[in-house]
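[1] Sequence plus predicted model, see below.
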Amino acid sequence: MNDAVQAQLDRVVHADRARLLASLIRRAGDFELAEDALQEALVRAATRWPDQGVPDDPAAWLARTAWNVLVDEERRAARDRSARTARFKEARIPGTGATDLTMMPADPLEDDRLRLLFTCCHPALAREARIALTLNALLGLTAAEIARAYLITEASAAQRLVRAKRRIREAGIPYRVPAAEDLHERLDAVLAVIYLVFNEGHVASRGDDLQRPDLGSEANRLAEALSELMPQEPEVAGLLALLRFQHARRNARVDAMGRFVRLEDQDRRHWDQALIACADQGLRRALARGRPGVYQLQAAIAGVHATAASYDDTDWPQILGLYDHLLALTESPVVALNRSVALAEVEGADAALKSIRDTELATVLDGYPYFHATLGDLEARRGNSSCARQHFLAAAERTTNPVERAYLLGRASVTE
Amino acid sequence: MRYLLMIAAEEDQACEHPGTPEYDELMGRYMAFTEEIMASGSYLESLRLKPVAHATSVRVRNGKAAVTDGPFTETKEKIGGFYLIEAPDLDAAMAWAKKIPSADIGTIEIRPVWEMDEPEA
């Protein structure tokens, strides 16, 4: 098939896959049937477009074709008189009989993507299943790409996806945005998955690069769509602000040679100031609602960093206060660790070390590379070079990212 | 879809013994729950089971039946009863499960029923 047509097809797939899939799932009530239908439509496009030319509205063409495949499948299933007939006939979602063809327009108020997102993040699915499904169904990552990100084999990733989709069907997980009374609870899982996707982009578990900006952008897009559909949820706005603040720094986090650059050494002229301003605005609006939460607080901390003219100008006491607030809400060991960095700036390395060297935290965080990196940093500040060196080596052993490892080994070999 | 909501909780808690205020309270809550789910049309069946002291487990291996007194698992939580319900999807089943009074002190396992005419999962 010629390149121009392939390029067009790729573009449509990248831009519209989630919407196409979502409306097909709505119609079919089943992930796998919807995917098969879409796949068949793509095959037909690849066969016909080179001869017939690319249609004026390629997405609509794909939607119609996939739809016809589904309808044919329904007729076949009806002839088989299997239980699938019953599944097709009953509307999974009350009120949306979905009897007509219209693919949802690319309208920010359309919620097929949201339904898909909430379904993928359903609490009845295991956490790894939720992440894998979101990456696959919403962001179009293949099993191979998911496998690379999570250090599992491609077969395991594929199995995880198959089992999750099967579970959705067999356990009767509905395809819908949760009812108002469940929304808050269910939102937590969605926010967590989006954040995990972003973090995967921020420090890639695999591959040669520190980050995968495509995942970072995708996570941002998801957070944006979520916030457009739920403008009254300050935690959604909080997450969006957090992702934007962090994403704004992506061009400064590695130098020209692909090496890791610490926050204090980053050239802030390479930070996306427009994105920072946007994030700041969004965060203020969210905080004004008076319902603080973990994402708003984390965004606030990121915001203090992002809006400081330089590392030395950073308002560390404010950051420390925000961490205290955050710790009260989550009691998370990672938060306690991050807080210690701020504590070091305000009260010195000794105080910071004291706060994280207690037995409980040390045990829980032992496998976490940033724990050892922080210890290394704090010891280096106190002038204990050999102690610092041990910690940096321990950290290097624990990270799976080669860029980070190189940085940590570098720190280990320098006497500060 | 039909779902079986199995109620698993530790036995021999105060609320199990008739005559205690805990028992009266729990029974009251169960009655209220059962009325509510019956009124909704989702209720199909429910049963309270006798304690596992009166359970008998049977295993047949190589043609030989082994019978033990007691439940089939050694978990602390024992199955004390169930509700068989009709619900449109898992969310609806979960909403009912959360309201079962023993959910506060035990676990409710939700299993979709495998209907006769369904294909292999």
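    Structure's in. What do you need?

[2] Any buried residues in the host helix or strand of A:Gln159, and which?
    Using DSSP states H and E, A:Gln159 falls within helix A:154-171. Across helix A:154-171, burial judged by 16 or more other C-beta atoms under 10 Å in any protein chain shown covers A:Ser156, A:Ala157, A:Ala158, A:Arg160, A:Leu161, A:Ala164, A:Lys165, A:Arg167, A:Ile168, A:Arg169, A:Ala171. C-beta coordinates here come from the backbone N, C-alpha and C atoms, glycine included.

[3] The lowest-mean-pLDDT helix or strand in chain B pairs with which strands, and in what direction?
    Lowest by mean pLDDT, DSSP states H and E among the helices and strands of chain B is strand B:64-69, with a mean of 82. Note on strand B:64-69: by DSSP bridges, its sheet partners are strand B:56-61 (antiparallel).

[4] Now A:Arg382: phi and psi?
    phi -80, psi 0 (degrees, to the nearest 10).

[5] give me the number of residues near whichever residue of chain B sits closest to chain A?
    Using C-beta to the nearest C-beta, B:Asp89 is the residue of chain B that sits closest to chain A, at 3.7 Å. As a burial measure, B:Asp89 scores 18 neighbours (other C-beta atoms under 10 Å in any protein chain shown).

[6] Next one: it relative to A:Asn2, how far apart?
    46 Å (C-beta to C-beta, to the nearest Å).

[7] does the next helix or strand after the least confident helix or strand of chain B come close to chain A?
    Proceeding N to C from strand B:64-69, the next assigned helix or strand is strand B:77-86, under DSSP H and E. No: contact of strand B:77-86 with chain A is not found when judged by C-beta under 8 Å from any C-beta of the partner chain; the minimum separation is 11.4 Å.

[8] Let's test this: mean pLDDT of strand B:77-86, rounded?
    Mean per-residue pLDDT for strand B:77-86: 93.

[9] Next, the contact list for the closest residue to chain B within the stretch 251-400 of chain A, please.
    For the stretch 251-400 of chain A and chain B, the shortest gap (C-beta to the nearest C-beta) falls at A:Gly293, measuring 23.0 Å. A:Gly293 is in contact with A:Pro234, A:Glu235, A:Gly238, A:Leu329, counting by C-beta atoms under 8 Å, 6 or more residues apart in numbering or on different chains.

[10] What of A:Gln273?
    A:Ala248.

[11] For the chain, give me the ranges with low pLDDT.
    Just so you know, I chose chain A. A:1, A:81-111, A:151, A:203-213, A:359, A:415-416 (pLDDT under 70).

[12] that's the other chain; I wanted chain B
    Filtered on pLDDT under 70, chain B yields the residue ranges B:117-121.

[13] Can the longest helix along chain B be said to contact chain A?
    For chain B, the helix with the greatest residue count under DSSP state H is helix B:21-40. No: applying C-beta under 8 Å from any C-beta, one finds helix B:21-40 out of contact with chain A, separated by at least 14.6 Å.

[14] Give me the distance from the least confident helix or strand of chain B to the chain's centre.
    Relative to the centre of its chain, strand B:64-69 is centred 24 Å away, using C-alpha atoms, centre = their mean, to the nearest Å.

[15] Just the CA atoms of that strand, as CSV, please.
    The C-alpha coordinates for strand B:64-69 follow below in CSV (Å, rounded to 0.1, in the frame of the first residue of the first chain):
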residue,chain,number,x,y,z
LYS,B,64,-13.0,-42.9,47.6
ALA,B,65,-15.1,-40.4,49.5
ALA,B,66,-13.5,-38.5,52.3
VAL,B,67,-15.8,-36.8,54.6
THR,B,68,-14.8,-34.2,57.1
ASP,B,69,-16.7,-32.3,59.7
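
[16] what sits up against it?
    For strand B:64-69, using C-beta under 8 Å, 6+ apart, the contacting residues are B:Ala55, B:Thr56, B:Ser57, B:Val58, B:Arg59, B:Val60.

[17] The first one - nearest residue in space that isn't next to it in sequence?
    Think B:Ala55. B:Pro71 (4.8 Å; C-beta to C-beta, 6 or more residues apart in numbering or on different chains).

[18] For that neighbour, give its distance to A:Leu114.
    Taking C-beta to C-beta, one finds B:Pro71 at 44 Å from A:Leu114.

[19] quick one, which of those two is more surrounded?
    Counted by other C-beta under 10 Å, B:Pro71 and A:Leu114 do not tie: A:Leu114 has more neighbours, with 19 against 16.

[20] if I pick that one, what's in contact with it?
    Going by C-beta under 8 Å, 6+ apart, A:Leu114 touches A:Val177, A:Ala225, A:Leu226, A:Leu229.

[21] hmm, back to that, how much space is there between the residue of the stretch 251-400 of chain A closest to chain B and A:Val236?
    Counting by C-beta to C-beta, the gap from A:Gly293 to A:Val236 is 10 Å.

[22] swap in B:Trp96?
    29 Å.

[23] rewinding a little: quick one: which of the contacts of strand B:64-69 is most hemmed in?
    The contacts of strand B:64-69, ranked by neighbours (other C-beta under 10 Å): first place B:Ala55, 15 neighbours.

[24] Next up, the contacts around that one.
    Contacts of B:Ala55 (C-beta under 8 Å, 6+ apart): B:Asp69, B:Gly70, B:Pro71.

[25] What residues of stretch A:177-191 count as buried?
    A:Val177, A:Pro178, A:Arg186, A:Leu187, A:Ala189, A:Val190, A:Leu191.

[26] How far away from the center of its chain is it?
    On C-alpha atoms, centre = their mean, the centre of stretch A:177-191 falls 17 Å from that of its chain.

[27] Now it - C-alpha only, CSV.
    Extracted in CSV, the C-alpha atoms of stretch A:177-191 (Å, rounded to 0.1, in the frame of the first residue of the first chain):
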residue,chain,number,x,y,z
VAL,A,177,-19.8,6.9,33.5
PRO,A,178,-20.7,6.1,37.1
ALA,A,179,-23.8,7.4,38.8
ALA,A,180,-23.5,10.6,40.7
GLU,A,181,-23.3,8.9,44.1
ASP,A,182,-20.4,6.6,43.0
LEU,A,183,-18.6,9.2,41.0
HIS,A,184,-16.3,10.5,43.6
GLU,A,185,-15.0,7.1,44.7
ARG,A,186,-14.6,6.0,41.1
LEU,A,187,-12.8,9.1,40.1
ASP,A,188,-9.9,8.3,42.4
ALA,A,189,-9.1,5.2,40.4
VAL,A,190,-9.2,7.2,37.2
LEU,A,191,-7.0,10.0,38.4
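
[28] That stretch near chain B at all?
    Yes: under the criterion of C-beta under 8 Å from any C-beta, chain B is reached by stretch A:177-191 at A:Pro178, A:Ala179, A:Asp182.

[29] Near residue 77, how many residues? Count them for me, please.
    In the absence of a named chain, chain A is used. That count, for A:Ala77 with other C-beta under 10 Å as the rule, works out to 17.

[30] Not quite, go with chain B.
    By the criterion of other C-beta under 10 Å, B:Glu77 has 16 neighbours.

[31] which non-adjacent residue is nearest A:Val364?
    Per C-beta to C-beta, 6+ apart, closest to A:Val364 is A:Pro333, 4.8 Å.

[32] burial count for that neighbour?
    Counted with other C-beta under 10 Å, A:Pro333 comes out at 18.
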